[in-house]
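Trainee: here are the coordinates; sequence isn't available:
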């Protein structure tokens, strides 16, 4: 839903990258497992997980609102 909103309203919706959008974190914390079980096959789930992580790689780490408010996640991993 959030990606659809971003596509529909690119100037009004901003998605930021946090620690759960790191491949290492989301594979360890259940996102890979969830993808493998929600898709029609294990292989399709792994493929979807890889595609999601490619999309996550394009998310910005921070944003500024009205040149006043800095928005960022407090849990960026040590590999970034």
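Mentor: Yep, it's here. If you're wondering where the values come from, they're calculated on a predicted model, not measured in any experiment.
Trainee: buried set for the lengthiest helix in the chain?
Mentor: Taking DSSP state H as the criterion, the chain has its longest helix at helix 42-56. In terms of neighbour count (16 or more other Cβ atoms under 10 Å), helix 42-56 has its buried residues at 45, 48-49, 52-53, 56. In this view, the C-beta of every residue, glycine as well, is placed from N, C-alpha and C.
Trainee: pLDDT on that helix, on average?
Mentor: Average pLDDT, helix 42-56: 97.
Trainee: whichever helix or strand comes after that helix pairs with which strands?
Mentor: Downstream of helix 42-56, the first helix or strand assigned by DSSP states H and E is strand 62-65. When pairs are called by DSSP bridges, strand 62-65 turns out to pair with strand 69-72 (antiparallel).
Trainee: contacts for the strand it pairs with, please.
Mentor: 14, 16, 61-65 (Cβ atoms under 8 Å, 6 or more residues apart in numbering).
Trainee: so where's the protein uncertain?
Mentor: Residues of the chain meeting the criterion pLDDT under 70: 75-80.
Trainee: and stretch 29-42, how far out from the chain middle?
Mentor: For stretch 29-42, the separation from the chain centroid amounts to 16 Å (computed by Cα atoms, centre = their mean, to the nearest Å).
Trainee: gap between the two ends of that stretch?
Mentor: Start-to-end span of stretch 29-42 (Cα to Cα, to the nearest Å) is 17 Å.
Trainee: give me the contacts around that stretch.
Mentor: 20, 26, 45-46, 48-49, 52.
Trainee: what residues of it count as buried?
Mentor: 31-32, 35-36.
Trainee: could you dump those residues to TSV with secondary structure and distance to residue 71?
Mentor: Output for the buried residues of stretch 29-42, formatted as TSV (DSSP: H, G, I helix; E, B strand; the rest coil; distance: Cβ to Cβ, whole Å):
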residue	secondary structure	distance to residue 71
31	helix	23
32	helix	27
35	helix	27
36	helix	32
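Trainee: of these, which pair is most distant in space?
Mentor: Longest distance between any two of those is 9.8 Å, between 31 and 36; criterion Cβ to Cβ.
Trainee: out of the buried residues of helix 42-56, flag the one nearest to residue 1.
Mentor: residue 52 (13.8 Å).
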